[in-house]
Each structure stands twice: as C-alpha cells, then as structure tokens.
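> Have a look at this fold, sequence not included:
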Ligand SMILES: [Ca+2]
Ligand SMILES: [Ca+2]
C-alpha cells in the first residue's frame, strides 16, 4: 500500500516535471515547496543557481522571486 502510494507520487512528480520542462523557465522546478519564491535551501539543488543566489536576490530578502529568478543564467 505504501509502495503503491510512493509509485503514484513519483509518477505524478515526473509528470509535473516533464510539463514544466516544456513550459520552461524552471522556476517551479526549484520552488519545491511551492510558496512562489526560491529559498537558499531550495537553490542548493543547482550549484550554478546557488553561486548566483546573492546576485540574483536583488532586494536582499534571502528569497528569489520569479522576477529575480528570470535573471538567472544557468
Ligand atoms: Ca519555495
Ligand atoms: Ca529577493
């Protein structure tokens, strides 16, 4: 039962990721908790993003908004 639930969740996650890859800017891929911003913790998923985090965070609140993330070159 647990295994079935995990398999379903994995399948759903893959579907979401595939959809977003097509849609394209990648923001949702890094915003893993879905709060509409990318935290430093979420940015650790990508070393390039991590490296640019402080530069991208133009208002210095420690979070990347969608607009701030749009400046990311990764
Ligand atoms: Ca987030
Ligand atoms: Ca910010």
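Nice, I can see it. Note that this is a predicted model, so its numbers are computed, not measured. Ligands and ions are numbered 1, 2, ... in the order given.
> Name the residues of stretch 36-49 that are buried.
37-39, 42-43, 46, 49 (16 or more other CB atoms under 10 Å). Just so you know, the C-beta spots here come from the backbone N, C-alpha and C atoms, and that holds for glycine as well.
> Give me the contact list for it.
Identification of contacts with stretch 36-49 by CB atoms under 8 Å, 6 or more residues apart in numbering yields 27, 29-33, 50, 53, 56, 62-66, 69, 72, 74.
> starting at the chain centroid, how far to the helix or strand containing residue 54?
Here residue 54, judged by DSSP states H and E, is contained in helix 47-56. Its chain's C-alpha centre and that of helix 47-56 lie 13 Å apart, by CA atoms, centre = their mean, to the nearest Å.
> That helix vs ligand 2: in contact?
No - using CB under 5 Å from the ion, helix 47-56 stays clear of ligand 2, coming no nearer than 7.8 Å.
> neighbouring contacts of the helix or strand that that helix is followed by?
Reading on from helix 47-56 to the C-terminus, the next helix or strand found by DSSP H and E is strand 63-64. With CB under 8 Å, 6+ apart as the test, strand 63-64 has contacts from 37-39, 43, 53, 56-57, 72.
> I'd like the residues you listed written out as a markdown table, with pLDDT and distance to residue 13 added.
Formatted as a markdown table, the contacts of strand 63-64 follow (pLDDT from 0 to 100; distance: CB to CB, whole Å):
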| residue | pLDDT | distance to residue 13 |
| --- | --- | --- |
| 37 | 98 | 20 |
| 38 | 98 | 18 |
| 39 | 98 | 19 |
| 43 | 97 | 19 |
| 53 | 97 | 24 |
| 56 | 97 | 25 |
| 57 | 98 | 27 |
| 72 | 94 | 22 |
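> Count residues in the vicinity of residue 56, would you?
19 (other CB atoms under 10 Å).
> Could I get the contacting residues of it?
49, 64, 68-69, 71-72.
> and the residue nearest to it when sequence neighbours are not counted, backbone torsions?
Setting aside the residues directly before and after it, residue 56 is nearest to residue 68 in space (CB to CB, 6 or more residues apart in numbering), at 5.0 Å. Per-residue torsions, residue 68: phi -60, psi -40 (degrees, to the nearest 10).
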